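K.L.:
below: sequence and its predicted model.
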Amino acid sequence: MTTVAVKPATMAQALTRAMRDAMAADSGVHVLGEDVGTLGGVFRVTDGLAKEFGEDRCTDTPLAEAGILGTAVGMAMYGLRPVVEMQFDAFAYPAFEQLISHVSRMRNRTRGRMPLPITVRVPYGGGIGGVEHHSDSSEAYYMATPGLHVVTPATVADAYGLLRQAIASDDPVVFLEPKRLYWSKDSWNPEQPTEVEPIGRAVVRRPGTSATLITYGPSLPVCLEAAEAARAEGWDLEVLDLRSLVPFDDETVCAAVRRTGRAVVVHEATGFGGPGGEIAARVTERCFHHLEAPVLRVTGFDLPYPPPMLERHHLPGVDRILDAVARLQWEAEG
């Protein structure tokens, strides 16, 4: 029996392969966005798709996000499955009117007769030294819009599997891609992709007993690092990767928190009005009698994204996470 060597792959490569495989399997899948064709995208995530499938299926568009998403709405209404790339997180804001007024509402508006199978890919988050409009964490806007699924991978396998599921979904999916993880690597065989949990399911990445770190996307590696560092303090931290912000997996999240009795929500978005507030509320409502301390949050600060030299202070880090865990211990004891 011959053993096939599995080479490390990056998240960007897994995303590219997911779109390639989806386009090969379904002629209705079209990729469109700024510089996605000839250039292969700013992060080269669409590299090679135009050459393989032609410019009619991987199309460079004008610099007009509202027009890009509006075009995708028309394509989906006529039976296609457009995959839209918003070049950077904050560049997507001009397309909000299309997203909120049409993409999120069309199935409800037509009483289910006209779903819009659109995947909106959004590179998001910090950690790459980006300037203003290049490092936003805008997930709360999408979470607050009924009718959208909101998904964010944190591993190479999930990048492939979740994107394939998003493209196949008849509901519109905002697919948030952590920019700082594009070049993260893992052993992954594109010819035999790892089976992943479906959209709407969270996964425990590290079991533990002292407290549960609830996180997603770019903050997962930081939480795993914090969990390793916590061993020196005698803490055994569980790390839970949400993967899907909408639908939200109350079952898995609450089961984890009930096991440990303590929870910290970690994300790059701002604290006030951020996803952590909703997550903490859901956990408190469902797990109140199991909690030994209040649910805490470690987030970005409540200000516009700072200049590159300051982002390491703005983004949640190991020390801030461990400080929150220490507060949990103090609250439980005192």
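P.N.:
Alright, I've got the coordinates.
K.L.:
where along the stretch 51-200 of the chain do the helices fall?
P.N.:
65-77, 96-98, 106-109, 139-143, 156-168 (DSSP state H, counting those that start in this stretch).
K.L.:
got those helices as CSV, with mean pLDDT columns?
P.N.:
What follows is these, written out as CSV (pLDDT from 0 to 100):
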stretch, mean pLDDT
helix 65-77, 97
helix 96-98, 95
helix 106-109, 94
helix 139-143, 97
helix 156-168, 97
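K.L.:
can you tell me which of those helices is most buried?
P.N.:
With neighbours defined as mean count of other CB atoms under 10 Å, the helices of the stretch 51-200 of the chain peak in mean count at helix 156-168, which reaches a mean of 24. The C-beta positions use only the backbone N, C-alpha and C, and glycine is treated the same way.
K.L.:
measure how far that helix is from the centre of its chain, please.
P.N.:
The chain centre lies 11 Å from the centre of helix 156-168; the measure is CA atoms, centre = their mean, to the nearest Å.
K.L.:
give the other helices and strands that it contacts.
P.N.:
helix 11-25, strand 119-124, strand 149-151, strand 173-178, strand 185-187 (3 or more CB pairs under 8 Å, 6 or more residues apart in numbering; DSSP states H and E).
K.L.:
what residues sit buried inside the helix or strand encompassing Pro221?
P.N.:
According to DSSP states H and E, Pro221 maps onto helix 220-230. Within helix 220-230, the residues that qualify as buried are 220-224, 226-227, 230, counting by 16 or more other CB atoms under 10 Å.
K.L.:
what about this protein, any weak spots by pLDDT?
P.N.:
Scanning the chain for pLDDT under 70 picks out the ranges 1-5, 330-334.
K.L.:
care to break it down by domain?
P.N.:
8-187, 203-333 (automatic domain parsing).
K.L.:
would you reformat these as TSV and include distance to Val196?
P.N.:
Formatted as TSV, the domains of the chain follow (distance: least, CB to CB, whole Å):
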stretch	distance to Val196
domain 8-187	3
domain 203-333	8
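K.L.:
mind checking which of those is nearest Glu197?
P.N.:
Taking CB to CB, domain 203-333 is the member of those nearest to Glu197, at 5.8 Å.
K.L.:
run the chain-centre distance for that closest one.
P.N.:
16 Å.
K.L.:
sorry, back to before: for the helices and strands packed on helix 156-168, which one sits closest to Gly112?
P.N.:
strand 149-151 (15.9 Å).
K.L.:
list the buried ones in the closest one?
P.N.:
149-151.
K.L.:
what's the neighbour count on Asp56?
P.N.:
By the criterion of other CB atoms under 10 Å, Asp56 has 8 neighbours.
K.L.:
cool, and Gly37?
P.N.:
Neighbour tally, Gly37, other CB under 10 Å: 21.
K.L.:
partners of the helix or strand where Ala9 lies, with directions?
P.N.:
Using DSSP H and E, Ala9 maps to strand 8-10. If you go by DSSP bridges, strand 8-10 pairs up with strand 185-187 (antiparallel).
K.L.:
gap between the partner strand and the chain center?
P.N.:
Using CA atoms, centre = their mean, the offset of strand 185-187 from its chain centre is 18 Å.
K.L.:
residues in contact with it?
P.N.:
For strand 185-187, contacts defined as CB atoms under 8 Å, 6 or more residues apart in numbering pick out 6-10, 155-157.
K.L.:
closest to Ile279 out of those?
P.N.:
Thr155 (20.1 Å).
K.L.:
can you count the residues close to that closest one?
P.N.:
Thr155, neighbours per other CB under 10 Å, totals 23.
K.L.:
now do the contacts for it.
P.N.:
Here Thr155 is in contact with 11, 186, 220, 241 (CB under 8 Å, 6+ apart).
K.L.:
make it 7 Å
P.N.:
Taking CB atoms under 7 Å, 6 or more residues apart in numbering, we find Thr155 in contact with Asp186.
K.L.:
for Ser137, same thing?
P.N.:
Ser137 touches 124-125, 268-269, 300, counting by CB under 7 Å, 6+ apart.
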